[in-house]
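Peer 1: Sequence and predicted structure are below.
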Amino acid sequence: MKKILLVCALCMCVLGMGISEAKAEDIKIGAILRLSIGASDGIPAKRGIEIAVKEINAAGGINGNPLVVIFEDSKDSPQASVSAFQKLTSMDKVQVVIGPMMSGEALAVAPIAPRDGIVVITPTATSPKVSGSGLYRGCTRIDKQAEVLTKYAKDVLKTTKVAILYSNEPYGKGCNEVFTKFFGDVGIPVVIAESFMVGDRDFSAQLTKIKQNEFDLIFIPGYLQETAPAISQARKIGINAVSMGVYGDMAPKYIELAGKASEGHVNGSEYNEAYDTPTNKKFKTEYYKIIKANPTETNNIMFAAITYDMTKMVAKAIAEKGYTPEGIKGYLDTVKDFDGVTGKLSFDKNGDVVKQGVYLFKVKNGKYVKAQ
Amino acid sequence: MSIYILHVLIMVSLYAILALSLNIIVGFAGLVSLGHAAFFGIGAYISGLLMIKGLGFVSAFFLAGILTSVLGLCLALPALRVKDDYLAIVTLGFGIIITLVFMNLDITGGPDGLVGIPPVTLWGKPVYSKWAFLGLTTAILFVMILSAYTLKQSKIGRAWAAIRDNDVVAMFMGINTSYYKVLAFITSSFWAGLAGSLYAHYTAYINPQTFGMHTSIMILSMVVLGGIGSITGSILGATLLVLLPEILRPLADYQDIFYGALLVFMMVFRPQGIMGRVKITEMFGRKK
Amino acid sequence: MLIQQLVNGLVVGSVYALVALGYTMIYGILGIINFAQGEIYMYGAFGAVLTLAATGELGLAVMAGVGTACLVGFLLERIAFRPLRGMHPLIPLISAIGASILLSSLARLLFGPDDRSFPIEFNPVSYTIFGAAEITGLQLIIIGVSFGLMVILSIFVNMTKHGKAIMAVAMDSDAARLSGINVNNAYVITFLLGSALSGVAGILMAVYYNATSFSMGLLPGLKAFSAAILGGVGSIPGAIVGGLVLGIAENLGAAYISSSFKDAFAFIALVLVLIIRPRGIMGSRK
């Protein structure tokens, strides 16, 4: 009997949880980010939102009302992302959610969002399956990235054959499929494709097999925790081909973990620090101030830049069209050349962001510099 | 507010079915299984794919259960050859292999998973209302509780209890231990498959991440925390472990520490679980 | 390529063997599957990396790493296992799983979510074997250290008083107790030894992969456990054979069958061996 009462008490707690004490005039939006597992991506993303909120509220908020973001952890789980979404929409009554960050989590939230009409903007999911699912996407789709990178390989690197070592999860696998097609389109055959799992640190089996082939470019899409040791081990066994990666590598951590092996690595990015606008200068200053104050925190300005832009767009949408899903969608669907730090932004009919394009970077002397 | 609560309650009922199904293997028959989420996943994928191909819900639902139990049979056979603790790692390995299969086959959508799974349809009409869905899952849970209870009291249940206490002695008593162990796996995986089907049509999207080791461990924890062998216990365990992450939202970063500590704490101070009787753990202690 | 893959497998396999030894000793003597063995390995690595970053002394760092691993093992035995002796094996299993989750989340909070590089860079010196494969100095060190430790362990267990006491407890704790052996001490020593070995394994891997993270122990822990069972749990040579077989099977499977299933090969190898030989390759009694 006692035990059943205990469980009932727990249920009461759940019911009581939703009663938050935010003031009536606050404008609440939700964010579902990778805050525990995958915090290396989630914390910078959170920072981006925080910088935007601070800026907006310092300027008087949204039509005088302070903007408040309620953060939830996606725990790297589609299931937890859905629960977080349900909690944000039904308890906190948010009308817009920034996140989740991963394709799998975004796809899990997608069926529910249109049903309830909530606007969902995923800042970093890259799977093509997200297009047309009703979500907005804040980063360039993987095929646009592929187009730019493969063209660079063909025109600048003069690549003739490529080897691929990809991460066997939605991001890396998606990259493998899309890039293989685009490499083919520019006449660069893929001589071999091997894969690894997230969490693996030993790539000797795959690399030894890859080394049996002839190629002048090795493409390693995935997350830097794996791609950095992968290139390091590749160099150690004597693979000297130029290396190319995707967004996951776009952080100083990649260079730190890969060491000398990262030299010459070519990468795409959503964000260019040198982009010369007052908005970007201000954003950069703020971000690096935070990094300086928290030296052990992950430094990944690209993720922060994307969520910063998305937050500011949402705030502008609410300010101009009112805090309803229709209002926000109305703004997002029609905005042109929004002054973002990642470029001049708008959204296409699938909800994918449109900007000038993918920025190309190369590692030179231990630092990322603009390629081309 | 109510949609969130309904969602949580639906998750509780689904996991209660899962925990109860695992309890058949672990609590009734006394075998160890660390790969149970694999059956959950197999049921989900099969049902999802069948409905995407055009089959009706009821057929997909039952076929998912049946086909999952066939795979349960496949696991049971090598499981017979090894003893308890080895069984843990074999079932764990099974779970990992199945997850990898989900991730690599095109038909399961690979790592991206299955998108666009149709919702439950009853009498030709799709069920969108969460209240109705909760009613459905609760009804199925109820049927399951009844069958679990009946099984426990039946000849099969008694055979399982004998095997659980000491399978060598059970064999000498004339019980066909292989048959009953396989039966435990088949029954358990059938129900897990049904739970998977319900899950797939509720969430409309599944991917391999949901059915990995983390979930298997969570289901096992529900069974053990609730009390091995206790039907009420499994339901309480499921309720506890589904509610906990929701209640602990303010604690965000510390949730996993809390979860780990809870498991250790419960095992050290109340190993028989919430509903278990102390007698059970003594009965089981047969080593050192 | 075959010889190179064998070399690759040998290096990884010897590290699996080190962790497997910890598992096999703890299981053989306490009957517990220590799911948290991978976390002990991880704390060993962090102990070394943090000490090295702070002091720059490699020797001190290694000692700190092993010490940290032993401390974690000691606490684990005391808090999560000792109270659970004699119970249904599921109970300490869940306790170990809980401890594993607790320890790795704690590490995430203490050390941050990022991977850390090893503060010292080793310049690879390569040697050629049979003209067909290459092996670096670091890889040779790893194999050498692993085998050296295994030999030391065997000597300890077979020739010292404490070692023989542990074996006695493994065979029959009641009889051992009656012969005057302090069983509790034997358990603690076993845990300390197993932890020390895992700690060294963690440090070796932190150097080899240049990556130390809170989650680094999970998968190696599972694979090492499979290795221990594959080789015959409770048998020291078995753990060594199991580790090597697993490392090689994994690499050959990834190279010749499919790299997408690399993690599965460890378990497939385990299942195959257990079907043919349910006691493991070198498993004997029980």
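Peer 2: Sure, I can see it. Numbering: from 1, shown residues only, chains lettered A, B, ... in the order given.

Peer 1: Could you pull up phi and psi at residue A:343?
Peer 2: When quoted as degrees, to the nearest 10, the phi and psi of residue A:343 stand at phi 140, psi -170.

Peer 1: just the strands in the stretch 1-150 of chain B please.
Peer 2: With DSSP state E, counting those that start in this stretch as the definition, the stretch 1-150 of chain B shows strands at residue ranges B:121-122, B:125-126.

Peer 1: which one of those lies closest to residue B:168?
Peer 2: The minimum distance between residue B:168 and the strands of the stretch 1-150 of chain B falls on strand B:121-122, with 48.1 Å, by Cβ to Cβ. In short, each C-beta sits where N, CA and C put it, glycine included.

Peer 1: helices or strands up against that closest one?
Peer 2: If contacts are counted by 3 or more Cβ pairs under 8 Å, 6 or more residues apart in numbering or on different chains; DSSP states H and E, strand B:121-122 sits against helix B:57-81.

Peer 1: Give me the buried positions along the helix it packs on.
Peer 2: Buried residues in helix B:57-81, counting neighbours by 16 or more other Cβ atoms under 10 Å in any protein chain shown, are found at B:57, B:60-61, B:63-69, B:71-72, B:75-76, B:78-81.

Peer 1: Intersect those residues with the contacts of chain C.
Peer 2: Contacts with chain C within the buried residues of helix B:57-81, counted by Cβ under 8 Å from any Cβ of the partner chain: B:78, B:81.

Peer 1: Could you point out the longest helix of chain C?
Peer 2: Longest helix of chain C, by residue count under DSSP state H: helix C:2-30.

Peer 1: Could you check that one against chain B for contacts?
Peer 2: Yes - contact check for helix C:2-30 against chain B, using Cβ under 8 Å from any Cβ: residues in range are C:27, C:30.

Peer 1: And the helix or strand just after that helix, how far out from the chain middle?
Peer 2: Sequence-wise, the next helix or strand downstream of helix C:2-30 (DSSP states H and E) is helix C:37-55. Here helix C:37-55 is found 15 Å from its chain centre; the criterion is Cα atoms, centre = their mean, to the nearest Å.

Peer 1: same deal with stretch A:357-366?
Peer 2: In terms of Cα atoms, centre = their mean, the centre of stretch A:357-366 is set 18 Å apart from its chain centre.

Peer 1: List the buried residues in that stretch.
Peer 2: Here stretch A:357-366 shows A:358, A:359, A:360, A:361, A:362, A:363 as buried, counting by 16+ other Cβ under 10 Å.

Peer 1: And for that stretch, what's in contact with it?
Peer 2: Residues from elsewhere that reach stretch A:357-366, judged by Cβ atoms under 8 Å, 6 or more residues apart in numbering or on different chains: A:140, A:144-145, A:148-149, A:152, A:250, A:255, A:262-272, A:343, A:368-372.

Peer 1: Select only the buried ones of the residues you listed in PyMOL?
Peer 2: The buried residues among the contacts of stretch A:357-366 can be selected in PyMOL (16+ other Cβ under 10 Å) with this line:
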select buried, chain A and resi 140+144+145+148+149+152+250+255+262+263+265+266+267+268+269+270+271+272+343+368+371
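
Peer 1: returning to what we had before: could you check the angle helix C:37-55 makes with the longest helix of chain C?
Peer 2: Relative orientation of helix C:2-30 versus helix C:37-55 (axes from the mean of the first three to the mean of the last three Cα atoms, to 10 degrees): 110 degrees.

Peer 1: So which elements touch helix C:2-30?
Peer 2: The contact analysis (3+ Cβ pairs under 8 Å, 6+ apart) places helix C:2-30 against helix A:204-211, helix C:37-55, strand C:133-136, helix C:137-159, helix C:161-171, helix C:183-209, helix C:218-231, helix C:236-256.

Peer 1: how close does the residue of the stretch 151-286 of chain C found nearest chain B sit to residue B:199?
Peer 2: Among the residues of the stretch 151-286 of chain C, residue C:267 lies closest to chain B, at 3.0 Å counting by Cβ to the nearest Cβ. Going from residue C:267 to residue B:199 by Cβ to Cβ, to the nearest Å gives 25 Å.

Peer 1: Then residue B:71?
Peer 2: As for residue B:71, its distance to residue B:199 is 17 Å (criterion: Cβ to Cβ).

Peer 1: Ok, residue C:247 next?
Peer 2: The value you get for residue C:247 to residue B:199, if Cβ to Cβ is used, is 37 Å.

Peer 1: do residue A:130 as well
Peer 2: For residue A:130, the distance to residue B:199 - Cβ to Cβ - is 22 Å.

Peer 1: can you count the residues close to the residue in the stretch 151-300 of chain A that chain B sits nearest to?
Peer 2: Nearest residue of the stretch 151-300 of chain A to chain B: residue A:170, at 4.2 Å (Cβ to the nearest Cβ). Number of residues near residue A:170 (other Cβ atoms under 10 Å in any protein chain shown) recorded here: 28.

Peer 1: same check, this time on residue A:339
Peer 2: Neighbours of residue A:339 (other Cβ under 10 Å): 15.

Peer 1: ditto for residue C:164
Peer 2: 14.

Peer 1: Could you double-check that it sits in contact with residue C:157?
Peer 2: Yes - in this structure residue C:164 lies within contact range of residue C:157 using Cβ atoms under 8 Å: 7.4 Å.

Peer 1: Enumerate every residue touching residue 235.
Peer 2: In the absence of a named chain, chain A is used. Taking Cβ under 8 Å, 6+ apart, we find residue A:235 in contact with A:260, A:261.

Peer 1: my question was about chain C
Peer 2: With contact taken as Cβ under 8 Å, 6+ apart, residue C:235 is in contact with C:24, C:28, C:280, C:282, C:283, C:284.

Peer 1: For these, give me TSV that also has neighbour count, pLDDT and distance to residue B:192.
Peer 2: Compiled in TSV, those are given as follows (neighbours: other Cβ atoms under 10 Å in any protein chain shown; pLDDT from 0 to 100; distance: Cβ to Cβ, whole Å):
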residue	neighbour count	pLDDT	distance to residue B:192
C:24	31	87	32
C:28	23	80	33
C:280	26	80	29
C:282	19	81	36
C:283	22	75	31
C:284	10	65	36
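
Peer 1: If we only consider those, which is nearest to residue C:117?
Peer 2: Among those, residue C:24 lies closest to residue C:117 (Cβ to Cβ), at 31.7 Å.

Peer 1: Distance of that closest one relative to residue A:303?
Peer 2: Counting by Cβ to Cβ, the gap from residue C:24 to residue A:303 is 43 Å.
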